[in-house]
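# Any chance you can model this:
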Amino acid sequence: MEITILAASGATGRELTRQALERGHTVTAIARTPANIAVPDSPRLIRVAADVRDPRSIGEALAGRKIVLSGLGIASGDKPGALTAGAHALVAAQPQRAIWLGAFGTGPSARAAGAATRTLLKVMGEDKLTDKAASDAAVLAAGGTVFHAGPLSDGPLSPTRRTVGLGDAPHRFFPARVSRATVAAAMLDEAEDPTYPGTIAIPLER
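Just a heads-up that it's a prediction; the model follows:
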């Protein structure tokens, strides 16, 4: 399978790239600086330079891509708007499958997360929360799957991992942490066998 990964130089994007190659897929890995995609070279890996804030470059990078997964996030110091720009570029490319990484407690999952989590997320700033919600909405409206993960860790892939729909998300005072490896595996599962198109999916470690 040919898979395109957006923001492949980020922590989650690198994990998506690594696992996709491990599963035997051919991967087009997109990043502003492809040299920062810290995975070993492979004949099935194509590194592409593009910036979501540059409509021309990102449009060319995504053109004709059938399956696109995004590890795009908001880095420290980033101005808001990158997520929405990335989502709009992804939607404009009209892939057959779009799989987007969001955050549990924002947008559609805000109510399920509870008041304590919503309060904590406000430290991000209203403009960044708006950016997250707008990007999620764009992908969902186009029929894509949005994964709302709890706080991310660098832990190993969970042997008891599972994915549930938003309606089946466990109700906790604070959402459970989940490793990037587990999130990446769940997103790749969805790419291979779509189960939650047009909806929110929740990756869990147990």
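# Phi, psi for residue 89 please.
As for residue 89, its main-chain torsions (degrees, to the nearest 10) stand at phi -70, psi -40.
# just checking, it touches residue 54?
No: Residue 89 is not in contact with residue 54 according to Cβ atoms under 8 Å; the separation is 9.4 Å. C-beta coordinates here come from the backbone N, C-alpha and C atoms, glycine included.
# ok, residue 83 - how many residues close by?
28 (other Cβ atoms under 10 Å).
# meant to ask about residue 181, not that
By other Cβ under 10 Å, 22 other residues sit near residue 181.
# Please apply the same query to the one 10 residues further on.
Using other Cβ under 10 Å, the number of residues around residue 191 comes to 23.
# residues contacting it?
Contact analysis of residue 191 by Cβ atoms under 8 Å, 6 or more residues apart in numbering lists 1, 3, 67, 69, 97, 99.
# who's more crowded, residue 89 and residue 54?
Each of residue 89 and residue 54 has its neighbours counted (other Cβ under 10 Å); residue 89 has more, 24 against 15.
# On the C-terminal side of the helix-or-strand element of the chain with minimal mean pLDDT, identify the next helix or strand.
Within the chain, no helix or strand scores below helix 115-121, which has a mean of 68 by mean pLDDT, DSSP states H and E. Once helix 115-121 ends, the next helix or strand along the chain (criterion: DSSP states H and E) is helix 126-141.
# could you give me the average pLDDT of that following helix?
Per-residue pLDDT values over helix 126-141 give a mean of 91.
# and if you look at stretch 62-75?
The average pLDDT within stretch 62-75 is 94.
# tally of neighbours for the residue nearest to residue 113 when sequence neighbours are not counted?
Excluding the flanking residues, the one nearest residue 113 by Cβ to Cβ, 6 or more residues apart in numbering is residue 105, at 3.5 Å. Neighbour count for residue 105, taken as other Cβ under 10 Å: 25.
# Need the buried ones from the contacts of residue 191 selected in PyMOL.
The buried residues among those can be selected in PyMOL (16 or more other Cβ atoms under 10 Å) with this line:
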select buried, resi 3+67+69+97+99
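# returning to what we had before: what distance do you get for the residue nearest to residue 113 to residue 193?
Residue 105 sits at a distance of 27 Å from residue 193 (criterion: Cβ to Cβ, to the nearest Å).
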